[in-house]
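**Q** Curious how this folds, go ahead:
(one chain, ligands or ions: 1)
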Amino acid sequence: MSTSKPSSSSQTWSQRFESALHPAIAQFNASIGFDIELIEYDITGSQAHARMLAHTGIISADEGEQLVKGLEQVRQEYRAGAFTPGVESEDVHFAVERRLTELVGDVGKKLHTARSRNDQVGTDTRLYLRDHIQQIQARLRTFQQVLLTQAEQHVETLIPGYTHLQRAQPLSLAHHLLAYVDMAQRDWERLGDVFKRVNISPLGCGALAGTTFPIDRHYTAQLLGFEQVYSNSLDGVSDRDFAIEFLAAASVIMVHLSRLSEEIILWASEEFRFIQLRDSCSTGSSIMPQKKNPDVPELVRGKTGRVFGHLQGMLVLMKGLPLAYNKDLQEDKEALFDAVRTVESCLEAMTILMEEGLEFQPMRLTQAVAEDFSNATDVADYLAAKGVPFREAYNLVGKVVKASLAAGKLLKDLSIDEWKALHPAFEADIYEAIAPQTVVAARNSYGGTGFEQVKAALAQARSRLASEKLGS
Ligand code: ARG
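**A** Sure, this is the predicted structure:
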């Protein structure tokens, strides 16, 4: 029989183990390097578990009290920077239990009664995600407020609208910004939906099969604010659907931020000049003194890929796992933590950028919308309104555009005689009908860019955000 004494890392395990883990394997196996992020949630979860053990008489009330207090002490030590567990603890769950036992003595060893790290880690991860989903939702709200404030200042500022990145029809700039407010609204709602499936307690599922102790899962769920409990213990410990769903919702948020980033990068270019970046949110080049670079939106666009990667990684992580817990699941955490950090920091940066990092250039925008053929549809609509079948009008205007291009003219430069020669239905009011402001104002269909529609949409978005502030 081997006489080698188990080292601290193998003392974690039962007496079944005789020798220590290889140091490199101990390092490989450990998650403390990253799951320390869960420590506050782990402590909160353990306190609820301890209260339940006392409540059900599995331990005495006094023991329960000692555990809850001891856990609180671990929390305070951690916050004060006095508790910094290393790899010898393997993971945050062992680290907390060990420190607790050092602090309160043998009663600490009762904490893990009727529990497994499998239901414990699932509980911690859900508590963590619940918290961060709410933080991300709050950041989305601030982002929407900032976009709305910008939009309110730019109802009558026009901006070229594009399809295929070709000038299409002019827009109210507010309408363009409001599109992102609506996208963020769906993001917010999507997170709320994910929250429902995060907010289910696996605590008490045990290792996989439940427990022989008379626990009360609804009691811990209630203490921890979980809406429901998993009804199947195997599913409870092995489900990571909620993580996949969160990463999917996070990915969609990043798609939206990345699309806005791309627009800002284009708008800031010499070719567009629709915005000017302020010094607080742009950087220079180390070699080209004239440059002002849009690093913030470029980074957001770049970081989007990491979040997509985490979603893909999580799907692949799950697809071959037999029930129930497998150590593979330890890999869920870094993906979640990084996605949360990335989304939170990108939302913060984009909010600052939209609030104070850029200045729209109304002169340049006015000039841009006046110097193209984006009012061509309106000429066709003008004729159609006078009874010319739309397709006929469309073909005629196509010819006009071609001839104007050849003559180096814009539609507004054609003389009334030229218009009349094209079609007798044209009258002097054609000039007014194709002026950019008229063209935009006229798209007054519900959800369109017409100023009346935009003002209504702004008011609606404002009241939606305001009513929520009041808690309704
Ligand atoms: N550190 C582990 C994880 O993050 C905790 C659960 C360990 N469970 C087990 N049966 N080894 O997944």
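**Q** Following element in sequence after the longest helix anywhere in the chain, please.
**A** Ranked by residue count, the top helix of the chain under DSSP state H comes out as helix 117-153. With elements assigned by DSSP states H and E, the helix or strand that comes after helix 117-153 is strand 158-163.
**Q** What is the burial count for Asn219?
**A** Actually, residue 219 is Tyr rather than Asn. Residues lying near Tyr219 (other Cβ atoms under 10 Å) number 17. Yep, even glycine has a C-beta here, placed from its N, CA and C like the rest.
**Q** just use 3 as the starting number from now, easier for me
**A** I'll keep to 3 as the first residue from here, and by that count the last item is Tyr221.
**Q** Can you tell me the element it falls in?
**A** Assessed by DSSP H and E, Tyr221 sits inside helix 219-225.
**Q** how distant is that helix from the center of its chain?
**A** How far helix 219-225 lies from its chain's middle: 29 Å, per Cα atoms, centre = their mean, to the nearest Å.
**Q** Flag every buried residue along it.
**A** By 16 or more other Cβ atoms under 10 Å, the buried positions in helix 219-225 come out as 219, 221-223, 225.
**Q** which among those gets closest to Gly450?
**A** Among the buried residues of helix 219-225, Ala223 lies closest to Gly450 (Cβ to Cβ), at 48.0 Å.
**Q** and the gap between that closest one and Ser91?
**A** 28 Å (Cβ to Cβ, to the nearest Å).
**Q** nearest spatial neighbour of Val345, skipping sequence neighbours?
**A** Ala252 (4.9 Å; Cβ to Cβ, 6 or more residues apart in numbering).
**Q** Let me know the angle separating the helix or strand harbouring that neighbour from strand 160-165.
**A** Using DSSP H and E, Ala252 falls within helix 243-269. With axes from the mean of the first three to the mean of the last three Cα atoms, to 10 degrees applied, the angle from helix 243-269 to strand 160-165 works out at 120 degrees.
**Q** name the helices or strands packed onto helix 243-269?
**A** helix 119-155, helix 175-200, helix 297-321, helix 334-354 (3 or more Cβ pairs under 8 Å, 6 or more residues apart in numbering; DSSP states H and E).
**Q** Can I get those helices in TSV including mean pLDDT?
**A** Shown next, in TSV, are those (pLDDT from 0 to 100):
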stretch	mean pLDDT
helix 119-155	98
helix 175-200	98
helix 297-321	98
helix 334-354	98
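**Q** Make JSON lines from those and add distance to the ligand to it.
**A** JSON lines is the format used below for the helices and strands packed on helix 243-269 (distance: least, Cβ to the nearest ligand atom, whole Å):
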{"stretch": "helix 119-155", "distance to the ligand": "4"}
{"stretch": "helix 175-200", "distance to the ligand": "17"}
{"stretch": "helix 297-321", "distance to the ligand": "12"}
{"stretch": "helix 334-354", "distance to the ligand": "6"}
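**Q** Turn these into a markdown table, including distance to Ser271.
**A** What follows is the helices and strands packed on helix 243-269, written out as a markdown table (distance: least, Cβ to Cβ, whole Å):
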| stretch | distance to Ser271 |
| --- | --- |
| helix 119-155 | 20 |
| helix 175-200 | 17 |
| helix 297-321 | 12 |
| helix 334-354 | 18 |
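**Q** Would you convert those helices into a markdown table that also reports mean neighbour count?
**A** Shown next, in a markdown table, are these (neighbours: other Cβ atoms under 10 Å):
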| stretch | mean neighbour count |
| --- | --- |
| helix 119-155 | 21 |
| helix 175-200 | 19 |
| helix 297-321 | 18 |
| helix 334-354 | 20 |
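**Q** wait, which of these is closest to Asp431?
**A** Evaluated over the helices and strands packed on helix 243-269, closeness to Asp431 peaks at helix 175-200, with 25.1 Å, by Cβ to Cβ.
**Q** ok now the closest one, how far from the chain's centre?
**A** With Cα atoms, centre = their mean, you get 9 Å for helix 175-200.
**Q** One more: stretch 199-209?
**A** On Cα atoms, centre = their mean, the centre of stretch 199-209 falls 24 Å from that of its chain.
**Q** buried stuff in that stretch?
**A** 200-208.
**Q** The ligand: which of those residues is nearest?
**A** Nearest to the ligand among those, counting by Cβ to the nearest ligand atom, is Gly208 at 11.0 Å.
**Q** Quick check: the closest one is in a strand.
**A** No: secondary structure of Gly208 (DSSP: H, G, I helix; E, B strand; the rest coil): coil, not part of a strand.
**Q** mind listing what it touches?
**A** Residues in contact with Gly208 (Cβ atoms under 8 Å, 6 or more residues apart in numbering) are 116-118, 120-121, 235, 239.
**Q** Then Leu193?
**A** 135, 138-139, 142, 248, 251.
**Q** that older thread, what helices or strands is the following helix or strand past the helix holding Ala252 leaning on?
**A** Sequence-wise, the next helix or strand downstream of helix 243-269 (DSSP H and E) is strand 277-279. Applying 3+ Cβ pairs under 8 Å, 6+ apart, we find strand 277-279 packed against strand 360-362.
**Q** Name the residues of the strand it packs on that come out as buried.
**A** Those would be 360, 362, for strand 360-362 by 16+ other Cβ under 10 Å.
**Q** Remind me what that strand packs against, helices and strands.
**A** When contacts are defined as 3+ Cβ pairs under 8 Å, 6+ apart, strand 360-362 packs onto strand 277-279.
**Q** Within its sheet, name the partner strands of the strand it packs on and how each one runs.
**A** If you go by DSSP bridges, strand 277-279 pairs up with strand 360-362 (antiparallel).
**Q** So for the partner strand, mean pLDDT?
**A** Averaging pLDDT along strand 360-362 yields 96.
**Q** thinking again about what came up before, can you give me how far the longest helix of the chain is from the chain middle?
**A** Offset of helix 119-155 from its chain centre (Cα atoms, centre = their mean): 7 Å.
**Q** could you give the angle of that helix to helix 334-354?
**A** Using the same axes, to 10 degrees: helix 119-155 against helix 334-354 is 10 degrees.
**Q** downstream neighbour of the helix or strand of the chain with the lowest mean pLDDT in the secondary structure list?
**A** Sorted by mean pLDDT, DSSP states H and E, the helices and strands of the chain end with helix 10-13, the least confident at a mean of 51. Downstream of helix 10-13, the first helix or strand assigned by DSSP H and E is helix 25-31.
**Q** How much space separates Ile138 from Leu193?
**A** 6 Å.
**Q** For the residue in the stretch 203-352 of the chain that the ligand sits nearest to, which residues are in contact?
**A** Of all residues in the stretch 203-352 of the chain, Gln332 sits closest to the ligand, at 3.7 Å by Cβ to the nearest ligand atom. Listed by Cβ under 8 Å, 6+ apart, the contact set of Gln332 reads 33, 37, 93.
**Q** Helices - which of the residues you listed land there?
**A** Per DSSP H, the contacts of Gln332 map to helices at Asp37.
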